[in-house]
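> no FASTA, just this:
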Ligand SMILES: *[C@@H]1O[C@H](CO)[C@@H](O)[C@H](O)[C@H]1NC(C)=O
Ligand SMILES: *[C@@H]1O[C@H](CO)[C@@H](O)[C@H](O)[C@H]1NC(C)=O
Ligand SMILES: *[C@@H]1O[C@H](CO)[C@@H](O)[C@H](O)[C@H]1NC(C)=O
Ligand SMILES: *[C@@H]1O[C@H](CO)[C@@H](O)[C@H](O)[C@H]1NC(C)=O
């Protein structure tokens, strides 16, 4: 990327000067090295924002928020981490923003990359923008944040109408950006088939479908702009989401004979040495039973395959956002769509409460039984007790509004998730939290500490997690994907845009809920 070549300027002395051709650093490399000035605290965190000339979206509201909230943060390391992370998606990941060739004056499109991979994930992009809700206000302008949201909704609608079972997509042709190769997917055998010029990877993840409804709800609630949703392809895409989810409520087996049903709505196999990168049983996954009312997911939000296909947090997310997005459908007079969305969401909650909660004998207080949410179930009675750091997770269920943080089943689940009873929880000297099969046991995902803070009312718990987050960046001042709990120098993904925005959004949330904590020191 080369910008700002040979801009002619007139200096204060009246001399004519030329800014030399400046080449913007590749942010993957930039984020792996430290840049001065360092923060003045014990972690001496790097200044990780790219130079202003190289930022992918400018917002004066963002800059004023950074300084006004920054001024309320007493700890120099915490302030720096906030200033680096919150703008990360706007600074680095808005790869292209323009118009659709079919409606070149009005249909905005926004191609948002996940960070160090040049593709747009439905889940990541919805969450990347969600961090900026505090800055979102109605605006018809193309240069506004509102336009970025509309563009992402329009592009996600296109993606869903193209390949509703896929999770990650290529740039739109209007951008003139070339499709990215994905060698890992070269030998994938996937049904329904897809076009690799349009799709980067085709792992069917239920939360990808829900993410479109989440992004739509976020924009709608912040702007009350319902007319936008009647202009292009939103209703058609929402119908596709619903139809895809309905198709995935079908069982894997004929319930009378236990023979695989033919055809399956989705199958996937990959040549790989990692069991979580392919599906068992030649692409149909572990059997999911008939009649639960839950929706199957072949993969998790970590892009790892599910052990049991009824992934509870993803069903929770769908349940929540089908209900909120049905209000959009109603406002644009898509009454039958709105009714169908509610007619799916309401029983889905019942199905989650019926099949997603398991009773663990002797695990409650004083050896009594305890009811907790399972991460995955198969509908035959099989269940998996764990959590994964990626959102939606069980830990985040109280944050995205499926369950109250004071619900006893959530409290018991949360306690279990944040303990050694969760096989993907670990605690080292540097950091303790939830990890993922994506990076293997023993690795902590800082994202899980952020969600821990978002779902806590306990000041000591919040301060403890904040302190660990500050020490987890290897001095680079960015939120990594995973960190070795015992060694902050061992981490994955230098440029994980979503996790950065989530951290920044958490600081804004803390400012509203518990401003006093931002005034404290983490130097001890
Ligand atoms: C953002 O502003 C800088 C000047 O501060 C400019 O050089 C850059 O091109 C702008 N970026 C975009 C995407 O407009
Ligand atoms: C859902 O299943 C029906 C019946 O098999 C099929 O015609 C339709 O194309 C499927 N839709 C999606 C989005 O998978
Ligand atoms: C929906 O219908 C109502 C009543 O018929 C009408 O006032 C409103 O303008 C319609 N809205 C849209 C977006 O078509
Ligand atoms: C567990 O035992 C303690 C002490 O006897 C008691 O106060 C508490 O209510 C018990 N909890 C439950 C769930 O029975």
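Everything's here; your move. A quick note: this is a predicted structure, and the numbers were derived from the prediction, not measured. Ligands and ions are numbered 1, 2, ... in the order given.
> could you point out where the stretch 351-500 of the chain is predicted with low confidence?
Counting by pLDDT under 70, the stretch 351-500 of the chain shows low-confidence ranges at 363-367.
> what about the helices in it?
With DSSP state H, counting those that start in this stretch as the criterion, the stretch 351-500 of the chain has helices at 408-417, 446-454, 459-470, 497-513.
> elements contacting the shortest one?
In other words, helix 446-454. Here helix 446-454 touches strand 432-434, helix 459-470, helix 497-513, going by 3 or more CB pairs under 8 Å, 6 or more residues apart in numbering; DSSP states H and E. Glycine gets a C-beta too; all of them are placed from N, C-alpha and C.
> between those, which gets nearest to residue 146?
The closest of the helices and strands packed on helix 446-454 to residue 146 is helix 497-513. By CB to CB, the value is 17.2 Å.
> For that closest one, buried residues please.
If you call a residue buried by 16 or more other CB atoms under 10 Å, then helix 497-513 has these buried ones: 497-508, 510-511.
> May I see the buried residues of stretch 249-264?
Within stretch 249-264, judged by 16+ other CB under 10 Å, the buried ones are 249, 251, 252, 253, 264.
> Could you identify the most distant pair in those?
249 and 253 (13.8 Å).
> rewinding a little: residue 64: which of the helices of the stretch 351-500 of the chain is closest?
From the helices of the stretch 351-500 of the chain, taking CB to CB, the stretch that ends up closest is helix 497-513, at 13.1 Å.
> After the closest one, which helix or strand is next?
Per DSSP states H and E, the first helix or strand lying C-terminal to helix 497-513 is helix 515-518.
> Could you list the residues in contact with that next one?
Applying CB atoms under 8 Å, 6 or more residues apart in numbering, the contact partners of helix 515-518 are 69, 72, 73, 74, 78, 459, 462, 463, 466, 507, 510, 511.
> Select only the buried ones of those in ChimeraX?
Buried residues within the contacts of helix 515-518, by 16+ other CB under 10 Å, are selected in ChimeraX with:
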select :69,73,78,462,466,507,510,511
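> ok, and does stretch 412-432 reach over to ligand 4?
No - between stretch 412-432 and ligand 4, judged by CB under 6 Å from any ligand atom, nothing touches; the nearest distance is 10.8 Å.
> gap between residue 142 and residue 111?
In this view, residue 142 and residue 111 are 15 Å apart by CB to CB, to the nearest Å.
> same question, residue 354
Going from residue 354 to residue 111 by CB to CB gives 40 Å.
> How about residue 122?
Taking CB to CB, one finds residue 122 at 12 Å from residue 111.
> can you pull the contacts of the residue in the stretch 201-350 of the chain that ligand 4 sits nearest to?
Nearest residue of the stretch 201-350 of the chain to ligand 4: residue 312, at 24.5 Å (CB to the nearest ligand atom). Residues near residue 312 by CB under 8 Å, 6+ apart: 294, 352, 356, 373, 374, 375, 376, 377, 394.
> Please list all residues in contact with residue 28.
Residue 28 sits in contact with 116, 494, 495, where contact means CB under 8 Å, 6+ apart.
> which is the next helix or strand following the helix or strand harbouring it?
Element membership of residue 28 [criterion: DSSP H and E] is helix 27-30. Note on helix 27-30: by DSSP H and E, the next helix or strand toward the C-terminus is helix 60-72.
> Give me the distance between the two termini of stretch 421-440.
From its first residue to its last, stretch 421-440 covers 16 Å (CA to CA, to the nearest Å).
> And the residue of this protein that's closest to ligand 2?
residue 247 (3.8 Å).
> Could you verify my assumption that that residue touches residue 265?
Yes - contact criterion CB atoms under 8 Å: residue 247 and residue 265 qualify, at 4.3 Å.
> Let me see the residues that make contact with stretch 450-458.
Here stretch 450-458 makes contact (CB under 8 Å, 6+ apart) with 389, 391, 393, 395-396, 398-399, 405, 414, 418, 433, 461-462, 465-466, 469, 479, 499, 502-503, 506, 509-510.
> Which positions within it qualify as buried?
Of all the residues in stretch 450-458, those buried under the rule 16+ other CB under 10 Å are 450, 451, 452, 453, 454, 455, 456.
> and if you look at stretch 224-243?
Under the neighbour-count criterion of 16+ other CB under 10 Å, stretch 224-243 has 225, 228-229, 232-235, 237-242 buried.
> Near ligand 3, which residues of the stretch 301-450 of the chain are found?
Residues of the stretch 301-450 of the chain lying near ligand 3 (CB under 6 Å from any ligand atom): 332, 333.
> what about 8 Å?
Those residues of the stretch 301-450 of the chain that sit near ligand 3, judged by CB under 8 Å from any ligand atom, are 331, 332, 333.
> Quick one, which of those are buried?
Buried members of these, scored by 16+ other CB under 10 Å, are residue 332.
> I'd like to know which of the residues of the stretch 301-450 of the chain next to ligand 3 are part of strands.
With strands taken from DSSP state E, there is no overlap with those.
> could the residues of the stretch 301-450 of the chain next to ligand 3 be laid out in TSV, adding distance to residue 260 and pLDDT?
Below are those laid out as TSV (distance: CB to CB, whole Å; pLDDT from 0 to 100):
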residue	distance to residue 260	pLDDT
331	42	98
332	40	98
333	41	98
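> among the residues of the stretch 301-450 of the chain next to ligand 3, which are in helices?
Judged by DSSP state H, those include residue 331 as members of helices.
> Could you save the residues of the stretch 301-450 of the chain next to ligand 3 as CSV and add columns showing distance to residue 87?
Shown next, in CSV, are those (distance: CB to CB, whole Å):
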residue, distance to residue 87
331, 32
332, 33
333, 38
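> Nearest to residue 132, out of the residues of the stretch 301-450 of the chain next to ligand 3: which one, please.
Ranked by distance to residue 132 (CB to CB), those are led by residue 331 at 23.1 Å.
> in whichever strand or helix holds residue 317, what counts as buried?
Residue 317 belongs to helix 312-331 when elements are defined using DSSP H and E. Under the neighbour-count criterion of 16+ other CB under 10 Å, helix 312-331 has 312-326, 328-330 buried.
> Tell me which residues touch the residue of the chain found nearest ligand 3, please.
Among all residues of the chain, residue 333 sits closest to ligand 3, at 3.8 Å; criterion: CB to the nearest ligand atom. Each residue near residue 333 by CB under 8 Å, 6+ apart is listed here: residue 230.
> What spatial separation is found between it and residue 31?
To residue 31, residue 333 is 46 Å away according to CB to CB.
> was I right about residue 54 contacting residue 23?
No - in terms of CB under 8 Å, residue 54 does not count as a neighbour of residue 23; the distance is 9.0 Å.
> Looking at the two, which is more packed in?
residue 54 (18 against 12; other CB atoms under 10 Å).
> That one - nearest residue in space that isn't next to it in sequence?
In space, residue 54 comes closest to residue 24 once its chain neighbours are excluded; the distance is 3.6 Å by CB to CB, 6 or more residues apart in numbering.
> what's the neighbour count on the one you found?
16.
> what about it, distance to residue 451?
Distance from residue 24 to residue 451, by CB to CB: 32 Å.
> mind listing the strands for the stretch 101-250 of the chain?
In the stretch 101-250 of the chain, the segments counted as strands under DSSP state E, counting those that start in this stretch are 108-112, 120-121, 168-169, 189-191, 199-201.
> what does the last one contact?
Read that as strand 199-201. 117, 119-120, 162-163, 166-170, 179-180, 182, 184-185, 303.
> what do you get for the longest one?
By CB under 8 Å, 6+ apart, the residues outside strand 108-112 that reach it are 89, 93-100, 120, 124-125, 128-129, 142, 147-152, 154-155, 158, 171-172, 174-175, 177.
> Apply 7 Å and report the result again.
89, 93-100, 120, 125, 128, 142, 147-148, 150-152, 154-155, 171-172, 174-175 (CB atoms under 7 Å, 6 or more residues apart in numbering).
> are any of the residues you listed buried, and which?
Buried among these by 16+ other CB under 10 Å: 89, 93-100, 120, 125, 128, 147-148, 150-152, 154-155, 171-172, 174-175.
> So which of these belong to helices?
Taking DSSP H, the ones among the buried ones among the contacts of strand 108-112 that sit in helices are 89, 125, 128, 147, 148, 150, 151, 152, 154, 155.
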